[in-house]
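>>> please find the sequence and the predicted model below.
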Amino acid sequence: MNDAFLGGPLPLWAEIVTAFFVVAGAAFAAIGSFGLVRLPTFFRRIHAPTLGATLGVWCTTIATIVYFSVQGGNLFLHALLIALFIALTAPVTTIFLVRAALFRERQKGGDVPPPLKGD
Amino acid sequence: MTPVLFWALKLALLLLAVAMLCALCRLVVGPTAQDRITALDCLYVNGMLMMLVLGIVYASNVYFEAALLIALFGFVGSTALAKFLLRGEVIE
């Protein structure tokens, strides 16, 4: 496994920044996906993955930019393309999904939007 | 590569694997079709993040293209499936 981790020597600050943002991004994605499993109904569940799609993607992108910029010696901004693309497309997908879910719930005669437990 | 980055990358890969397993669990269990599509959406975002982390692990730019392709086709697939749920057909 040690041989799989290649790459030249980087300055310590770059490695620490990369490590912090990589772990933060992965942790956000994990929390978002765990919420997908844990939350009870669909209309609550739809909120959870947005955490991974926004903060997770941005943190990992920052880590990628820092790592490859320091390693290559010039600015590596390609990863920003992915972050911008996800930031633009994730709300579109969510809106389509929620509209489809509302449509299907109303077709089944469900009480939509469902009342919260507290009120 | 210092041990800090080494273990951070391993931890990140483990966390992303757990996230993908959670999404897969919801994909299999999910009571309704929209639950499954949400889980699929989450699954491809997690897979894309894993590609970015693997790009850092192997210090290679090739994984970036794979991540971009996953993001593109994931968006198209999720939108088409949601559209199918809404109307019953993808292109009208």
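Looks like it arrived, so ask away. From a predicted model like this one, the values you see are computed outputs, not experimental measurements.
>>> quick one, strands of the chain?
You didn't say which chain, so I picked chain A. Assigned by DSSP state E, chain A shows no strands.
>>> look at chain B instead
Counting by DSSP E, chain B contains no strands.
>>> in it, where is pLDDT below threshold?
B:91-92 (pLDDT under 70).
>>> where do the helices sit along it?
B:3-29, B:33-57, B:62-87 (DSSP state H).
>>> chain A now?
Going by DSSP H, chain A shows helices at A:12-38, A:42-45, A:49-51, A:57-72, A:78-107.
>>> so who does A:A87 touch?
A:T54, A:V57 (CB atoms under 8 Å, 6 or more residues apart in numbering or on different chains). Where you see a C-beta, it was placed from the backbone N, CA and C, and this is true even at glycine.
>>> distance of it from B:L16?
Distance, A:A87 to B:L16, using CB to CB, to the nearest Å: 19 Å.
>>> and for A:I31, the neighbour number?
A:I31 has 19 neighbouring residues, counting by other CB atoms under 10 Å in any protein chain shown.
>>> please tell me the pLDDT value assigned to it.
Looking at A:I31, its pLDDT is 94.
>>> skipping its backbone neighbours, what lies nearest it in space?
In this structure, A:I31 finds its nearest non-sequential neighbour in A:L51, 6.0 Å apart by CB to CB, 6 or more residues apart in numbering or on different chains.
>>> could you do A:V92 as well?
B:T79 (6.7 Å).
>>> isn't that neighbour up against A:A90?
No. Taking contact to mean CB atoms under 8 Å, the distance of 11.0 Å between B:T79 and A:A90 leaves them out of contact.
>>> for A:I16, see how far away the spatially most central residue of chain B is.
In chain B, the C-alpha nearest the mean C-alpha coordinate belongs to B:Y44, at 2.1 Å (CA atoms, centre = their mean). Using CB to CB, B:Y44 is found at 30 Å from A:I16.
>>> ditto for A:F42
Taking CB to CB, one finds A:F42 at 40 Å from A:I16.
>>> B:T79 now?
39 Å.
>>> for those two, indicate the residue with more neighbours.
B:T79 (19 against 16).
>>> show me the contacts for the more buried one.
A:V92, A:T93, A:F96 are the contacts of B:T79 under CB under 8 Å, 6+ apart.
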